[in-house]
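> Sequence first, then the predicted structure:
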Amino acid sequence: MKLVKPSVEIISLCQNPLETIEAAGRTCYKSENRAGPGTAPEFCNRILHDYKHESVIEHSAMTVRFVCDRGVSHELVRHRLAAYSQESTRYCNYTKGKFEGQVSVIEPKELDGNPEARRWWNIGVKAAEEAYQNMIKFGAPPEIARDVLPTVTKTEVVMTANFREWRHVFSMRCHKSAHPRIRSLMLELLKLVKIEVPVMFDDLWEQYGEKKND
């Protein structure tokens, strides 16, 4: 059994996102002549907060890789206006060398300070790993052996969505009522993206940032 820390990584952002949004938005108002160096942030701020013309910010895209447990991944893919690619437990055989012959699970930081609960957690995941490995050993294909893998099994999900959808995702998954694991990942991503794309996500960081909403 291998313990893995959850993580998030921005793989790509659309080129010049604010300028792209400005170009699309000014088409609506036929104000292209007012675009110039440095005008995009102010225009995007008005579009987002004054005009509430959020369809314009769909002319954007961000692709993100999440390393998380499969429970978190099930919550991610509920956001339907996005594209997903996920590590397959059907085609990945965790007894093979590239997986170091073991099942990877997400470290349960939520059990820090609760040694008895953590002991039972260890018993459960180790038993599941042993069952998986023995099923493979006795001829079960990975797609059947995966039946015994726990929800905390590590997975990787690549998610692509436009900025409007990302704003929706952040508003749901950064809230204090969200599951603590997905909330932690989304707050980390929000911190990254509000630097990469100012204006688009600043207000959400102010609302849900590290010391807010607890």
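Sure, I can see it.

> Let me see the ranges of the strands in the protein.
When secondary structure is read from DSSP state E, the chain shows strands at 2-4, 7-13, 62-69, 83-86, 104-106, 154-161.

> Out of these, which is closest to A23?
Closest of the strands of the chain to A23 is strand 7-13, at 16.2 Å (criterion: C-beta to C-beta). For the C-beta atoms, the positions are set from N, CA and C on the backbone; glycine is no exception.

> name the helices or strands packed onto that closest one?
Helices and strands touching strand 7-13, by 3 or more C-beta pairs under 8 Å, 6 or more residues apart in numbering; DSSP states H and E, are strand 62-69, helix 180-196.

> again, only using 10 Å
Taking 3 or more C-beta pairs under 10 Å, 6 or more residues apart in numbering; DSSP states H and E as the contact definition, the neighbouring helices and strands of strand 7-13 are strand 62-69, strand 154-161, helix 180-196.

> Any chance of CSV for the strands of the chain, columns mean pLDDT and mean neighbour count?
Converted to CSV, the strands of the chain look like this (pLDDT from 0 to 100; neighbours: other C-beta atoms under 10 Å):
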stretch, mean pLDDT, mean neighbour count
strand 2-4, 97, 14
strand 7-13, 98, 14
strand 62-69, 98, 21
strand 83-86, 98, 13
strand 104-106, 98, 22
strand 154-161, 98, 19
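
> Just put those strands in TSV and tack on distance to E42.
Supplementary listing: those in TSV, determined by distance: least, C-beta to C-beta, whole Å:
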stretch	distance to E42
strand 2-4	43
strand 7-13	20
strand 62-69	22
strand 83-86	31
strand 104-106	42
strand 154-161	25
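
> wait, which of those is closest to L185?
In this view, the strands of the chain are compared for proximity to L185 by C-beta to C-beta, and strand 7-13 is the closest at 5.1 Å.

> Return that closest one as PDB; C-alpha atoms alone will do.
Output in PDB follows, covering the C-alpha atoms of strand 7-13 (Å, rounded to 0.1, in the frame of the first residue of the first chain):
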ATOM      1  CA  SER A   7      -2.600  17.600  -5.400                       C
ATOM      2  CA  VAL A   8      -3.700  19.900  -8.200                       C
ATOM      3  CA  GLU A   9      -1.900  21.200 -11.200                       C
ATOM      4  CA  ILE A  10      -3.000  23.600 -14.000                       C
ATOM      5  CA  ILE A  11      -2.000  21.900 -17.200                       C
ATOM      6  CA  SER A  12      -3.100  24.700 -19.600                       C
ATOM      7  CA  LEU A  13      -4.900  28.000 -19.900                       C
END
